[in-house]
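Visitor: What would the 3D arrangement of this be:
(one chain, ligands or ions: 1)
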Amino acid sequence: MNMLKVGVLAFQGAFSEHEQALEKAFQTMNNTETDSELSLQITEVRVPSHLDGLDGLIIPGGESTTMSIFLNKNNFKQKLRSMIEGVNGRRTIVWGTCAGQILLSNTVLCQKTGSQQMIGGVDITTSRNTYGRQCESFESEISTHHEDLQQDGVSVCRGIFIRAPGVVSIDDSSVITLATIGDENTGNKRIVAVQQGNIMTTSFHPELTEDTRWHTFFLDQILKLRTTSQSCARSNENII
Ligand SMILES: NC(=O)CC[C@H](N)C(=O)O
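Guide: Predicted structure coming up:
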């Protein structure tokens, strides 16, 4: 049985919504997949040992300060960091939504006094609460810029922004813009989703809409990474 092992960080925030969206995305994917043996196992990650053996991890939206307090215990953050960088040649696809984006950014502006401890990993500068307070939360049309994020040929989707962080700058040329909001012509275009290597971030909450394209994209990234690692392992065997 070919199993996809996905963890969702479950200290607080929208973790159960992610789990439901993952199940739904997997069902739709599996109906079209040729590999009918594929299965999905979801783990709620609460202690560092829950990270062992994961193919993918979602860091949900919620409150980045609270999450960072938990991450600072029991070497959680260090373990997560080495998982992102790769353990024994095995890499994990990591996706941070909203507060998750804050935690995965290498530079964070507008942090609380005393400063939160970030995990880091993505070369972007993120500013907390860019779009305003809780009561200024909004829904917006999002333009996606990756063909795998199109659904039935449509590249536009909706996004829910709740005290959302903003991508202030992309700090390395290897960071890909996955989605934007606003209009370039009026000068208010903003980046709301990026990918760098095995990490992706979204400023909004795809798990709160019925649209599962972002969860499907995430699961696809895991499958692609697995295929690449398997073919690398096979070519290494040939060399020996
Ligand atoms: N919806 C969210 O995840 C909000 C994130 C929040 N602004 C924070 O700093 O953690």
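Visitor: need the helix or strand of the chain with the lowest average pLDDT.
Guide: Within the chain, confidence by mean pLDDT, DSSP states H and E is lowest for helix 213-239 among all helices and strands, at a mean of 83.
Visitor: Tell me the helices and strands packed up against that helix.
Guide: strand 2-9, helix 15-32, strand 56-59, strand 93-97, strand 199-202 (3 or more C-beta pairs under 8 Å, 6 or more residues apart in numbering; DSSP states H and E). In short, each C-beta sits where N, CA and C put it, glycine included.
Visitor: angle of the fourth one against helix 15-32?
Guide: Looking back up the chat, that one is strand 93-97. Interaxial angle of strand 93-97 relative to helix 15-32 (axes from the mean of the first three to the mean of the last three C-alpha atoms, to 10 degrees): 130 degrees.
Visitor: mind exporting the helix or strand following strand 93-97 as PDB, just the C-alpha atoms?
Guide: As assigned by DSSP states H and E, the chain's next helix or strand after strand 93-97 is helix 99-104. Extracted in PDB, the C-alpha atoms of helix 99-104 (Å, rounded to 0.1, in the frame of the first residue of the first chain):
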ATOM      1  CA  ALA A  99       0.300  32.300  10.900                       C
ATOM      2  CA  GLY A 100       2.200  29.400   9.300                       C
ATOM      3  CA  GLN A 101       3.600  31.800   6.700                       C
ATOM      4  CA  ILE A 102       4.800  34.000   9.500                       C
ATOM      5  CA  LEU A 103       6.600  31.100  11.200                       C
ATOM      6  CA  LEU A 104       8.200  29.900   8.000                       C
END
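Visitor: what comes into contact with helix 99-104?
Guide: 9, 13, 58-64, 67-68, 71, 94, 96, 108, 116, 118-122, 126, 128, 165, 167, 199, 201-203 (C-beta atoms under 8 Å, 6 or more residues apart in numbering).
Visitor: quick check: mean pLDDT across it?
Guide: On average, the pLDDT along helix 99-104 is 97.
Visitor: try stretch 184-192
Guide: 87.
Visitor: Let's see that stretch as CSV, backbone CA atoms only.
Guide: C-alpha atoms of stretch 184-192 as CSV (Å, rounded to 0.1, in the frame of the first residue of the first chain):
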residue,chain,number,x,y,z
GLU,A,184,-0.8,45.6,-11.4
ASN,A,185,-2.2,48.5,-13.4
THR,A,186,-3.5,50.3,-10.3
GLY,A,187,-0.3,49.5,-8.4
ASN,A,188,-2.0,47.5,-5.6
LYS,A,189,-0.9,44.0,-6.7
ARG,A,190,0.3,41.9,-3.8
ILE,A,191,1.9,38.5,-3.5
VAL,A,192,-0.2,36.1,-1.4
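Visitor: Tell me which residues touch the residue most central in space within the chain, please.
Guide: The centroid of the chain falls nearest to residue 95 when counting by C-alpha atoms, centre = their mean (1.4 Å). Taking C-beta under 8 Å, 6+ apart as the criterion, residue 95 is in contact with 56-59, 199-202, 218.
Visitor: please redo it, this time with the cut-off set to 6 Å
Guide: Neighbouring residues of residue 95 by C-beta atoms under 6 Å, 6 or more residues apart in numbering: 58, 200, 218.
Visitor: and if you look at residue 83?
Guide: Contacts of residue 83 by C-beta under 6 Å, 6+ apart are 51, 92.
Visitor: Could you confirm it falls within a strand?
Guide: No - judged by DSSP: H, G, I helix; E, B strand; the rest coil, residue 83 forms no part of a strand; its state is helix.
Visitor: Name the spans of the chain whose pLDDT lies under the cut-off.
Guide: For the chain, the stretches flagged by pLDDT under 70 are 1, 30-36, 113-116, 232-240.
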